[in-house]
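> Any chance you could fold what I've pasted below:
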Amino acid sequence: MSRKFSDELLPEGMEVDCKPEDLSKCSYEERCAELGEVKDMRLEAEAVVNDVLFAVTDMHVSHSLTSGVGVAHINVETREGNRYYLELTEAGLRVVGHAFDQVDEGLSTQYHETVYSLLDSLSPGYREAFGNALLQRLERLKQNGQ
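Have a look, this model is predicted:
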């Protein structure tokens, strides 16, 4: 015998940790961890782009290859004019091509845990822009603190 819960059939006696209306109170990451789901990498990729767009010439989530729950791709052009095609997975970020929307099958690069680490290794212009933004922020905090 089964009972209906949130459009899914659950075996009788199976307990549910939270009600559907409580899901909006949890963060996306918490829900994924609790439910054992894989994060939607497209959402993660959008967050990555929004975090560092100020420090590169161009950066956007690619729609040419199938992105999905387990993988997303990002096009980035550094301040030096170099273009990279990035792969984002649970393992991190890595360069998979040196042109927008093109995977170089012969390329073997290491994963970086963060976009900051990856861009720091690729672009002195990124490093400088990030450092300048950090200094400006510290100056504002110093001025507001006095």
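
> Which stretches in the protein count as helices?
With DSSP state H as the criterion, the chain has helices at 28-35, 41-52, 115-122, 124-145.

> Out of these, which gets the lowest mean score?
Lowest mean pLDDT within the helices of the chain: helix 28-35, at a mean of 44.

> Next, count neighbours for residue 51.
Residues near residue 51, counting by other Cβ atoms under 10 Å, number 13. (Glycine included, C-beta is placed from N, CA and C.)

> Renumber starting at 48 from here on
With 48 as the first residue, the last one maps to residue 98.

> Please verify my assumption that it contacts residue 162.
Yes - in this structure, residue 98 is within contact of residue 162 by Cβ atoms under 8 Å, at 6.4 Å.

> Geometric centre of this protein: which residue is closest?
Nearest to the geometric centre of the chain sits residue 91, at 3.0 Å (Cα atoms, centre = their mean).

> OK, contacts around that one?
119, 135 (Cβ atoms under 8 Å, 6 or more residues apart in numbering).

> Could you do residue 138 as well?
Each residue near residue 138 by Cβ under 8 Å, 6+ apart is listed here: residue 158.

> how near is it to residue 183?
From residue 138 over to residue 183 the distance is 33 Å, taken as Cβ to Cβ, to the nearest Å.

> Skip the chain neighbours and tell me the closest residue to residue 149.
Distance criterion Cβ to Cβ, 6 or more residues apart in numbering; nearest residue to residue 149, sequence neighbours excluded, is residue 132 at 5.9 Å.
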